[in-house]
Every structure is written in C-alpha cells, then in structure tokens.
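In: coords please:
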Amino acid sequence: MKRKLIILLLALPGCFPSLFAQGEFWTEKPTGLYNNTTFGIVTFRGDFLTGIQSTFGYKLNPHIAFGGGAGLERYTGQPTYDTLSANFSLLPLYAEIRFTLLDKKISPVIAVDGGYKVLLNIPSSQMISWTEETYPGFYWTDYYEYDTYTRGGFFFTVEAGVKANVWKRVNIYLSVDYSFWSVAGDHHYWMYEHIGDETVETHSTSGTVAYTDQFVVRLGFGF
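Out: The predicted model follows:
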C-alpha cells in the first residue's frame, strides 16, 4: 500500500504539469492594477484592532506603484501634547507611493502615504486643574483646562513591510507603519477667583491644533 502511494505521488506532477508548475502558484503581473487591504492589529501604545484601510492603484513595473485609498481608525487614550489625550474615530483619505524591492515571491516593501484624516467624532481631552493659594483660606484661584476637537488634519505615514505571494496574484502582507498627524478644535480655559465668600468666574475659548503620532503593526492581503 505504501509503495503504491509513493508511486502515485511521484506520478502526480507528470499527470498535472500545469498544476505543479511554479508559475501557476505565482502569476503576479509586472504591471497593472493592484490592491492592498490591511487591518491594524496593535499599536506600540497597546491599542488592539485599530481599524482597516484599503489601497487601489497601478503598478508601473514590478517595483514602483502609485495609488490611493481610504480607511477607518479608532484610537483610545491617544496622547496629543503636554498631558492631554482623547479618543479618536478617523477616516483617512490618502495618496500612496509603493516600492517593492524584489521581483520575487517574498519581498520587502516600502510605502509612503500622505493625505487628510477626517474626524468622525467630536472628542474632548481630559480636564486638567490646579490651584494657586495667594492667602490660604481667604484668597485662592482654581484653574481648569481641556480641549474639544472638531476637525481632523493632514497626515504623513511611512510604512515598511514584507509581502509573500501565496496563490496566483494573491499575497499576504505584514508591515509596521509610523504616522504623524494633527487634529484641531477649541481650547477651553476657566479661572475661579475665590475672595472670602465671593467667587469670580472667567471663561475663555481659543483655537488649538494638537499633533500626535502612532506606530501600528498591520496585517492583510493584496493582489
């Protein structure tokens, strides 16, 4: 029985030469349309399953491609500047330049994305407060500050990864992205002056732009 099985396995490549030919398992075209769809698995700050993005474009040759895409992102406790942080839901819209180093089944890939992240929610940062006591028990001042973000901003992403062709034009893709971006909104400031039994309240609002960055490990597929 074992001998018959061995003979059958040895005969299969001869019976089905097109099936066992390497070209059938890797028939990626050197030029033409391409897609790369990835999922945010984890950030360096510990957020899991941060979203999805999909890029469509055109390969000029086996190495250089141009495209554009969109995605959905969700970050919790994302630091902005100083001690402030907030939760963000974002829609990135971007253009891409992609460079595949090797014309092989497994190759390193470098990509650069640039575009605009649309803010889908209106998050507020945590409030910070402090007190200044001029004359304890008689004259002191309480301060409160926080930010409300109402719009997104431009972003820039650098990506380094590796792709492996697994069947015909389909490949799996693993990368690490570094993204730098901004959001904008209003900075709120309160001051309460306590003089004896009286309190004087002062409130002001000004525009603010907050910058933040993020490392994301991404996993996905393409063709």
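
In: worst-scoring helix or strand of the protein, pLDDT-wise?
Out: helix 17-20 (a mean of 40; mean pLDDT, DSSP states H and E).

In: I'd assumed residue 85 was in contact with residue 126.
Out: Yes - under the criterion of CB atoms under 8 Å, residue 126 makes contact with residue 85 at 6.5 Å. C-betas here are computed from N, CA, C, even on glycine.

In: Neighbour count: the two, which is higher?
Out: Neighbour count, other CB atoms under 10 Å: between residue 126 and residue 85, residue 85 has more, with 19 against 12.

In: which residues in the chain form helices?
Out: Ranges of helices in the chain, per DSSP state H, are 2-15, 17-20, 22-25.

In: So, low pLDDT: which residues of this protein?
Out: The model of the chain has pLDDT under 70 over residues 1-28, 82-83.

In: most centrally placed residue in it?
Out: With distances taken as CA atoms, centre = their mean, the chain has residue 216 as the residue nearest its mean C-alpha position (5.9 Å).

In: separation between that one and residue 54?
Out: With distances taken as CB to CB, to the nearest Å, residue 216 is found 15 Å from residue 54.

In: How about residue 127?
Out: Residue 127 is 37 Å from residue 54, by CB to CB.

In: quick one, which of the two is more surrounded?
Out: residue 54 (15 against 12).

In: Let me see the contact set for the residue lying closest to the more buried one once chain neighbours are set aside.
Out: With sequence-adjacent residues excluded and distances taken as CB to CB, 6 or more residues apart in numbering, residue 54 is closest to residue 37, at 4.3 Å. Taking CB atoms under 8 Å, 6 or more residues apart in numbering, we find residue 37 in contact with 52-55, 220-222.

In: Any idea what residue 37 is bridged to?
Out: Beta bridges link residue 37 to residue 54, residue 221, judged by DSSP bridges.

In: do you know how far the nearest residue to residue 149 once chain neighbours are set aside is from residue 144?
Out: Excluding the flanking residues, the one nearest residue 149 by CB to CB, 6+ apart is residue 185, at 3.9 Å. Distance, residue 185 to residue 144, by CB to CB: 17 Å.

In: Spell out the residue ranges of the strands in the chain.
Out: 32-43, 48-59, 64-79, 85-100, 106-119, 128-135, 139-151, 153-167, 170-195, 198-222 (DSSP state E).

In: Quick check: the residue nearest to residue 181 when sequence neighbours are not counted vs residue 120, distance?
Out: Distances taken as CB to CB, 6+ apart place residue 155 nearest to residue 181, at 3.4 Å, with adjacent residues excluded. Using CB to CB, we find residue 155 at a distance of 14 Å from residue 120.

In: Neighbour count: the two, which is higher?
Out: residue 155 (22 against 14).

In: Can you name the residues bridging to the more buried one?
Out: residue 115, residue 181.

In: what do you get for residue 141?
Out: residue 132, residue 193.

In: Now do the contacts for residue 208.
Out: 147, 184-187.

In: beta partners of it?
Out: Assigned bridge partners for residue 208, using DSSP bridges, are residue 185.

In: what's the neighbour count on residue 106?
Out: What residue 106 shows, counting by other CB under 10 Å, is a neighbour count of 10.

In: now residue 103: how far from residue 52?
Out: Separation of residue 103 from residue 52 (CB to CB) stands at 28 Å.

In: So for these two, which sits in the more crowded spot?
Out: Legend: neighbour count by other CB under 10 Å for residue 103 and residue 52, higher for residue 52 (15 against 11).
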